[in-house]
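Novice: Sequence first, predicted coordinates after that:
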Amino acid sequence: MNPIAIRPDQAAQELVQFNQKFAKGIQALEKLGEVDVGLCKKDAVYHEDKMTLYRYSPLVETPHRIPVLVVYALVNRPYVADLQPDRSLIRGLLEEGLEVYLVDWGYPDRADRFLELDDYINSYIHHCVEEICERHGLYRINLLGICQGGTLSTCYTSINPDRIRNLVLTVTPIDFHAGENLFGKWAKGMDVDALVDAVGNVPGTMLNTAFASMRSVFSDGHKYMKMIDFLEDQKTLLNFLRMEKWVADSPDQAGEAFRQFVKFFYQQNGLVKGGLKIGGKTVDPSRITMPVLNVYATKDHLVPPSSTLKLKDLIGSKDYSELSFGGGHIGLFTSGRSKKEVPPGIAAWIKERG
């Protein structure tokens, strides 16, 4: 017996309703125009190669005197931290009175094929720290790393502990062999030399396909079918399209830096096992002795909490705190609930430590 019993007239009626929704949705999309992202006002204050350092316009009259430098991952674009006003980590930090800067890595091209992690950590990040310190008459600033950017920030802070006042890490992989992580398993067995030697810069579309394959075909198909139900709701539609724009906006990865990241972290697990050197400089997490706040998502399928929380066992700080968010990796930046919980928690922690 067929468990799905739909009469022909019901099927015909549903098809008509679907077509009506679809037609109205097309009209709504035509009227929508460009999908805007990264809405907080900011100004470029420093450039180097493809990298740009932005300063966000404060939202309070007298911001906290020690700025925060946000370092995002090399994969995807940093505006996921500022998708829209009600779902923005950046806006939340600004509303809490912090002075915020952001590193935008730009879009690497063939000229960047031989950039190494040394360039990203010991040159780009370091030069941004120096620029901010000079602008504010300081020697140390606060550093906030996001995902892979948190791993880079951990390395930078270990090499330059005297330049960082407080370190905040969000959904940051530390122990690359911990937890169930499908991408991590692939990377451990990847012949990264053959890949980079063959393609040079690693296409962002290739990485997007790899990340997409971690999700079920059903979930992706359901997402787009569900879109029909809110095509006429401009606010919900914009929420959806902003996220889709970010997902598809994947820069290519500088070949040598990608090769090193896979080898040093996914394969050798350098932060945990030791012996890691970036540009000839030793990365030793025990040199991180300043206050550290570790923010993680309890339902993170990209960076398992066990990977992030390993940090506590490695650093030398006596002032270590954790902030958990009951959601997923991307939800920590893009959910309305996150904006109410995460930025206030980060800002309060920083202000308590001067």
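Specialist: It's in. Numbering: from 1, shown residues only.
Novice: From Ala111, how far out is Val80?
Specialist: Val80 is 26 Å from Ala111, where distance means Cβ to Cβ, to the nearest Å. Using the backbone N, CA and C atoms, a C-beta is placed for each residue, glycine as well.
Novice: So the two - more neighbours on which side?
Specialist: Ranked by neighbour count (other Cβ atoms under 10 Å), Val80 and Ala111 place Val80 first, with 25 against 11.
Novice: burial of Asp104, as a residue count?
Specialist: Asp104: 19 neighbours (other Cβ under 10 Å).
Novice: Bridge partners for it, pull those for me.
Specialist: Beta-bridge partners of Asp104, counted by DSSP bridges, are Thr52.
Novice: show me the residues around it that make contact.
Specialist: Neighbour list for Asp104: Met51, Thr52, Leu53, Tyr54, Tyr72, Arg77, Pro78 [criterion: Cβ atoms under 8 Å, 6 or more residues apart in numbering].
Novice: what's the farthest-apart pair in these?
Specialist: The most widely separated members of those are Leu53 and Arg77, with 15.3 Å between them, by Cβ to Cβ.
Novice: Could you identify the helix or strand that succeeds the lowest-mean-pLDDT helix or strand in the chain?
Specialist: The weakest-scoring helix or strand in the chain, judged by mean pLDDT, DSSP states H and E, is helix 217-226 (a mean of 55). Following helix 217-226 in sequence order, the next helix or strand is helix 234-248 (DSSP states H and E).
Novice: by contact count, what packs against the next helix or strand after that next one?
Specialist: The C-terminal neighbour of helix 234-248 among helices and strands, as given by DSSP H and E, is helix 255-261. Counting by 3 or more Cβ pairs under 8 Å, 6 or more residues apart in numbering; DSSP states H and E, the packing neighbours recorded for helix 255-261 are helix 117-118, helix 192-199.
Novice: So what touches the shortest one?
Specialist: Judged by Cβ under 8 Å, 6+ apart, the contacts made with helix 117-118 from elsewhere in the structure are Leu152, Cys155, Ala257, Gln260, Phe261, Phe264, Ile278, Gly279, Gly280.
Novice: and the second one, what does it touch?
Specialist: Shown here is Cys155, whose contacts under the criterion Cβ under 8 Å, 6+ apart are Leu117, Ile121, Leu271, Leu276, Ile278, Val283.
Novice: hmm, try it at 6 Å
Specialist: Shown in contact with Cys155 (Cβ atoms under 6 Å, 6 or more residues apart in numbering): Ile121, Ile278, Val283.
Novice: and stretch 46-64, which residues are buried?
Specialist: Under the neighbour-count criterion of 16 or more other Cβ atoms under 10 Å, stretch 46-64 has Tyr46, Lys50, Met51, Thr52, Leu53, Tyr54, Arg55, Tyr56, Pro58, Leu59, Pro63, His64 buried.
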